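[1] Quick one: sequence and predicted model below, then my questions.
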Amino acid sequence: MPDEREPDSDGSESPGEPAGRQGTEDQPLVPSDAETETVVIAKDDPQPAPDAAGADAQTERRFTAPGFDAKETQVMATAPEAATEVIHTQQAPAVSPPPPPSMAPKPSGPQSIPGRSGGKATSFKPSKWGWVLAIVVIVLALTAIAILGTVLLTRSKHSKASQEDQVRQVIQTFDGAVQRGDLTALRSITCGTTRDGYVDYDEHSWTETYQRVSAAKQYPVIATIDQVVVNGQHAEANVTTFMAYDPQVRSTRSLDLQFRDDQWKICQPPSS
């Protein structure tokens, strides 16, 4: 391909150029080898942008370094760079992020906490204070049971003592009614066959009988109440008696009592 050369802008020859070189311009100075041939590619100059600067309007001139056998520097024509285009982007309106979805609270539960790696598992030993508290609780419980038992036993004793006192009081009332001849009292504090004997008397007959017995001192007298044993609804009393006409001769008798009509009653009087 023939070597095209670009003349100078003013068309004048370079000063001091040898004449021999000018005579041989039309001939290639180097062999027509594709590897050593320099090609000038001319591109169409686009119209410069109207707002481009004046310096960009001028054609940029670039020079290629001459080869080892080139005789002159060739100028390669290049196309001017296109003006930078500014692209205006429309900013999208700010949209608030959607609220996070409501999550139902998770039920709390026991969580396992892993132990530290490499450490030995600590064994929890019961504190000595735990044993002390347990012993104290046991002692307090035993004390409460003992106190409760004592209270119940004392109450039972008081109840028995109260019943014994009632039996003694009934025996004394009976002894006094016999000595006075109180038929109404004798009927109220006796039961069974003993009461039947007092019921059979009428007031007139009883008065005559009592006057005769009292004059002869043929009635018994209870000197002392020696022992009283209460067993549920029954009671037994040992008493010392004597006849009114002979106080020196005394004997021990037994009385049987029963709890009837909310009171103690004598069902067997002492024998004379």
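    The structure has been received and is ready for your questions.

[2] where does the stretch 101-250 of the chain dip in pLDDT?
    Across the stretch 101-250 of the chain, the ranges flagged by pLDDT under 70 are 101-127, 155-161.

[3] which stretches of it form helices?
    Ranges of helices in the stretch 101-250 of the chain, per DSSP state H, counting those that start in this stretch, are 128-180, 183-188, 192-199, 203-216.

[4] Would you tell me which one of the ones you listed is buried the most?
    Among the helices of the stretch 101-250 of the chain, ranked by average contacts under mean count of other C-beta atoms under 10 Å, first place goes to helix 183-188 (a mean of 17). Placement of C-beta: from N, CA and C, glycine included.

[5] Distance check, Trp131 against Ile145.
    Relative to Ile145, Trp131 is positioned 21 Å away (C-beta to C-beta, to the nearest Å).

[6] make that Ser251, sorry
    Distance of Ser251 to Ile145, given as C-beta to C-beta: 48 Å.

[7] hang on, Arg179 packs against Tyr219?
    One thing to correct before we go on: residue 179 is Gln, not Arg. Yes. The criterion here is C-beta atoms under 8 Å, and Gln179 meets it with Tyr219 at 6.6 Å.

[8] residues bridging contact with those two, i.e. touching both?
    Taking C-beta atoms under 8 Å, 6 or more residues apart in numbering as the criterion, Gln179 and Tyr219 both touch Ala244.

[9] Pretty sure Pro247 sits against Lys217.
    No. With contact defined as C-beta under 8 Å, Pro247 does not reach Lys217; the gap is 9.7 Å.

[10] now the longest strand that the chain contains against helix 128-180, angle please.
    Criterion DSSP state E: the longest strand present in the chain is strand 246-260. Counting by axes from the mean of the first three to the mean of the last three C-alpha atoms, to 10 degrees, strand 246-260 lies at 120 degrees to helix 128-180.

[11] Now strand 246-260: buried residues?
    Across strand 246-260, burial judged by 16 or more other C-beta atoms under 10 Å covers 253, 255-257, 259.

[12] hmm, back to that, could I get the helices of the stretch 101-250 of the chain in TSV, plus columns for distance to Cys267?
    Listed next are the helices of the stretch 101-250 of the chain as TSV, based on distance: least, C-beta to C-beta, whole Å:
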stretch	distance to Cys267
helix 128-180	11
helix 183-188	13
helix 192-199	4
helix 203-216	20
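
[13] wait, which of these is closest to Val239?
    Nearest of those to Val239, taken as C-beta to C-beta: helix 128-180 at 6.7 Å.

[14] what packs against that closest one?
    Contact here means 3 or more C-beta pairs under 8 Å, 6 or more residues apart in numbering; DSSP states H and E; on that basis helix 128-180 packs against helix 183-188, strand 220-231, strand 234-243, strand 246-260, strand 263-268.

[15] Quick check: which of those is nearest to Glu208?
    Closest among those, once you apply C-beta to C-beta, is helix 183-188, at 12.1 Å.

[16] which residue sits closest to Ala244, ignoring its sequence neighbours?
    Distances taken as C-beta to C-beta, 6 or more residues apart in numbering place Lys217 nearest to Ala244, at 3.9 Å, with adjacent residues excluded.

[17] what residues are up against the one you found?
    Under the criterion of C-beta under 8 Å, 6+ apart, the neighbours of Lys217 are 243-245.

[18] I'd like the distance between it and Arg180.
    14 Å.

[19] follow-up on the earlier one: mind giving me CSV with the helices and strands packed on helix 128-180 and columns for distance to Thr154?
    Converted to CSV, the helices and strands packed on helix 128-180 look like this (distance: least, C-beta to C-beta, whole Å):
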stretch, distance to Thr154
helix 183-188, 33
strand 220-231, 16
strand 234-243, 21
strand 246-260, 22
strand 263-268, 23
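
[20] closest to Trp206 out of those?
    Of all the helices and strands packed on helix 128-180, helix 183-188 comes closest under C-beta to C-beta, at 4.9 Å.
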